[in-house]
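> Sequence and computational prediction follow.
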Amino acid sequence: MTSSNRKESMLKKPLIIIGVCYGVLLLILLGTSWPVFLGSFISLEDREMEQNVKRALSGFNNNIAQLNISAGYYSGWDDSYQVIQNGNRDFITTRLDDKIFPMLRIDMLLYVNLSGKIVYEKGIDHLSGKLLSLESLHPYISRNSPLVRHETTQSDVSGVLLLPEGPLLLASRPILTSQFKGPVRGALIMGRFLNTVELDRVRDITHLPIKLFTVSDPHLASDIRTFLQSPETDKSLWIQRLGTKEIAGYSLIRSVFGKPALVLKVAVPRYAYRQGLIAIRYFIAWVAAIGLAASIAGYLLYARLLIYRKKELESQARYSAVIKQASEGIILVDPADKSILEVNTAFLDLLGFSTAELGGMSLYELFSGDPSTVDLDVAQVRKCKQRFLGEGSFRRKDGGIVIVEKSANIISGEDREILCMVLRDITERKRVEQELKEKREQLESLNSTLEQRVREEVANNREKDLILIQQNRQAAMGELMDHIAHQWKQPLTTLSLTIQLLAETYFSGGLTDQLVKEAAGKMEALVQHMSQTIGTFRDFYNPDKIKTVFNIKYSIDMALTFIASALSLDSINVELDADPGVAALGYPKEYTQVLLNILSNARDALNATKPEKPLIRIKEFAEGNKAVVIITDNAGGIPEAIVSKIFEPYFSTKWASGGTGVGLYMSKNIIEKNMGGRIAIRMVDDGAEFRIEVPCAFPSQESRDLQDG
């Protein structure tokens with residue numbers, strides 16, 4: 001085999017080994033990580049679907065509860081009491097006219113006495129105004145029917161009833177006096193058909209794609225039939241995956257008589273499952289890339305070491321060829337009895353003997369190892385004619401040991417064979433090699449320890465990042481609920497006062513159609529305002545995905561909108577001095593979150609120190625190519641001992657009140673890492689001053705044009 005072939009073989013073999021090991025490890029990683037990671041995403045998917053089904057059931061039950069409240073309002077009335085006793089036609093004509101059906105969103109109204117006789121009934125489609133026949137409901141009205149028999153004044157019956165016309169939501173309440181006292185005279189029954197409009201109302205409230213199926217439908221889909229055939233314990237909540245793209249949750253809704261009536265189904269895309277697949281693929285690809293890079297690096301290092309070793313051996317061979325006759329010890333030995341025949345000067349100098357002293361000595365006497373090794377070396381050389389015998393130890397005249405490299409060949413003479421051995425002193429080299437070996441072992445040990453420390457540090461940092469993300473998400477949710485509570489407080493108070501005014505006006509006899517219309521319009525406007533508030537907060541907490549040009553003053557106004565109610569409640573004044581023409585390029589919602597974090601901290605500090613006139617000053621201006629916002633409070637400032645730590649993760653002065661130590665840390669990351677800006681704090685005379693700088697997007701006039709547009 002030629003030298004080039006040997007080199008090629010030595011390079012191919014480790015490449016194959018590395019490739020096989022890399023493939024096996026990748027398969028092991030794939031086989032272990034796939035079920036573990038994907039299982040966690042499937043569990044998350046199940047929990048989300050369980051919450052969706054419960055939310056859908058809650059919306060459905062709230063619809064029934066609203067109907068029950070309306071029935072309770074009309075059943076506890078002296079006029080209703082008289083309807084059972086004497087018919088009370090005046091009340092029926094004036095109070096139970098056709099207008100109450102769309103007002104209460106009901107389709108039928110019945111007054112039934114204790115004997116099961118219907119005293120009064122009326123059915124009107126509250127959407128179209130058409131009269132409805134109630135014949136299909138009569139079989140369920142009898143003396144002993146739960147819809148008629150109310151044992152106590154607090155009794156109520158509500159739920160679903162399947163009629164030929166479709167599912168009916170109904171509520172039955174005992175007829176009592178205006179003081180809600182008995183004895184019970186009968187039952188008032190209100191019904192509302194669960195049509196497409198009502199179902200859409202529940203969908204809009206829950207934001208879920210809810211579907212309802214009657215259990216008696218002979219054309220039910222296969223998944224509904226499978227659900228109905230499941231064990232009884234699974235009827236309240238059952239989850240099924242409809243392929244890889246959709247997951248559905250099911251729940252059985254029973255009628256007022258306890259019999260299966262409807263199947264509620266909520267089907268949503270499998271976003272968590274898809275995200276899990278993407279995350280696993282990215283993880284495996286990342287690990288595969290790292291493993292491939294490490295394999296390539298290892299192979300290149302091996303090839304480099306191989307070339308280095310080859311050059312070293314070639315250098316040694318050239319060296320031996322040059323000084324063979326002069327500097328290396330040569331000894332001629334009889335291969336039969338191993339007696340010494342002749343040596344050169346270099347050999348004499350190597351061992352310190354004279355030629356006369358070596359006369360009559362054998363190779364056994366000079367060799368310091370096992371004598372059988374001599375016989376083995378000679379036998380191998382005689383067989384191969386020429387051989388490098390490796391290393392050996394020889395005794396010097398002074399008792400010392402010389403380590404040599406041995407090579408030998410057989411010289412054939414006319415009458416006998418002579419063994420020619422060439423000895424090269426490698427004592428010093430062996431000492432150096434031992435030192436190098438020790439140094440290499442120390443370096444390998446150090447590298448092994450270093451890799452372990454790096455892996456541990458990476459794992460610790462990853463764990464900290466996950467904790468920070470979770471805490472920031474929880475803090476954001478808490479802020480969201482707090483802001484919504486403040487925004488809703490005033491509308492809820494106004495709504496309550498309007499309802500009280502209507503009740504007082506009604507009982508005083510001054511209620512008019514115009515007053516009811518005005519009050520209804522006012523309450524509807526308040527409800528719409530509260531709904532818009534939720535939409536505003538929801539949009540704000542959706543993260544920005546790309547950088548955009550945004551107006552700095554608009555972000556300040558948005559942050560103040562969120563916290564204005566809380567500041568007003570705490571009697572905290574805000575002074576704003578802002579240039580409306582300054583704009584920046586970045587993430588507007590993240591920037592607003594930074595402002596909101598600082599304003600919230602200022603509010604907490606002012607509530608803690610309680611200055612005589614709590615105040616927050618906000619100044620915004622352009623300074624060169626930077627957009628600057630300065631926020632100052634008069635809460636007394638932060639102690640110098642801890643001011644340098646406030647941007648560190650998990651550092652908080654509000655642990656007792658629920659602080660997480662994440663807000664300012666995340667704010668610094670947003671401004672400095674995400675937007676290339678700077679955030680700093682310093683103490684002023686009566687408080688703390690935060691300075692936020694981000695790069696301007698363009699000159700002031702263009703920013704004003706952006707704001708005007």
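In hand now; what should we look at?
> contacts and neighbour counts: CA atoms only from here.
Noted.
> all helices of the stretch 501-650 of the chain, in order?
For the stretch 501-650 of the chain, applying DSSP state H, counting those that start in this stretch gives helices covering 513-540, 552-569, 588-609, 640-643.
> Does anything pack onto the last one? Which helices or strands?
In this structure, helix 640-643 makes packing contacts with no helix or strand, judged by 3 or more C-alpha pairs under 8 Å, 6 or more residues apart in numbering; DSSP states H and E.
> how about the strands of the stretch 401-550 of the chain, start to end?
401-412, 417-425, 548-551 (DSSP state E, counting those that start in this stretch).
> whoops, the stretch 51-200 of the chain was the one
108-113, 118-123, 157-163, 166-174, 186-193.
> OK, contacts around the closest residue to Cys696 other than its chain neighbours?
In this structure, Cys696 finds its nearest non-sequential neighbour in Ala584, 4.5 Å apart by C-alpha to C-alpha, 6 or more residues apart in numbering. Shown in contact with Ala584 (C-alpha atoms under 8 Å, 6 or more residues apart in numbering): 549-552, 627, 694-698.
> what's the domain layout of the protein?
Per the record, the chain has its domains at 61-268, 328-420, 432-533, 543-708, by automatic domain parsing.
> Let me have the helices of the stretch 501-650 of the chain in TSV, extended by distance to Glu357.
Compiled in TSV, these are given as follows (distance: least, C-alpha to C-alpha, whole Å):
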stretch	distance to Glu357
helix 513-540	102
helix 552-569	102
helix 588-609	95
helix 640-643	87
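> Leu137: neighbouring residues, count only.
As a burial measure, Leu137 scores 14 neighbours (other C-alpha atoms under 10 Å).
> residues in contact with it?
Leu163.
> From Asp577, how far off is it?
Here Leu137 is placed at a distance of 69 Å from Asp577 (C-alpha to C-alpha, to the nearest Å).
> what sits opposite the nearest residue in space to Pro335 that is not next to it in sequence in the beta ladder?
Closest residue to Pro335 apart from its sequence neighbours, by C-alpha to C-alpha, 6+ apart: Leu419 at 5.8 Å. Residues in a beta bridge with Leu419, per DSSP bridges, are Val333, Ile410.
> returning to that earlier point: nearest to Gly23, out of the domains of the chain?
Closest to Gly23 of those, according to C-alpha to C-alpha: domain 432-533, at 22.3 Å.
> pLDDT averaged over that closest one - what is it?
The average pLDDT within domain 432-533 is 67.
> Equivalent analysis for stretch 114-133, please.
Average pLDDT, stretch 114-133: 92.
> now swap in stretch 68-87 and tell me
Across stretch 68-87, the average pLDDT comes to 89.
> buried stuff in that stretch?
68, 70-72, 74-77, 79-84, 87 (16 or more other C-alpha atoms under 10 Å).
> Please apply the same query to stretch 602-620.
Within stretch 602-620, the residues that count as buried by 16+ other C-alpha under 10 Å are 602-607, 614-616, 618-620.
> Of those, which pair is most distant in space?
Longest distance between any two of those is 24.7 Å, between Asn607 and Glu620; criterion C-alpha to C-alpha.
> just to revisit the earlier point, list the contacts of the residue nearest to Pro335.
Leu419 neighbours (C-alpha under 8 Å, 6+ apart): 332-335, 378, 408-411.
> If we use 6 Å, what do you get?
Counting by C-alpha atoms under 6 Å, 6 or more residues apart in numbering, Leu419 touches 332-333, 335, 410.
> so, if you compare these, which one comes nearest to Ser178?
Relative to Ser178, and with distances defined as C-alpha to C-alpha, the nearest of the contacts of Leu419 is Ile410, at 130.7 Å.
> per-residue pLDDT, that closest one?
Ile410 carries a pLDDT score of 78 in this model.
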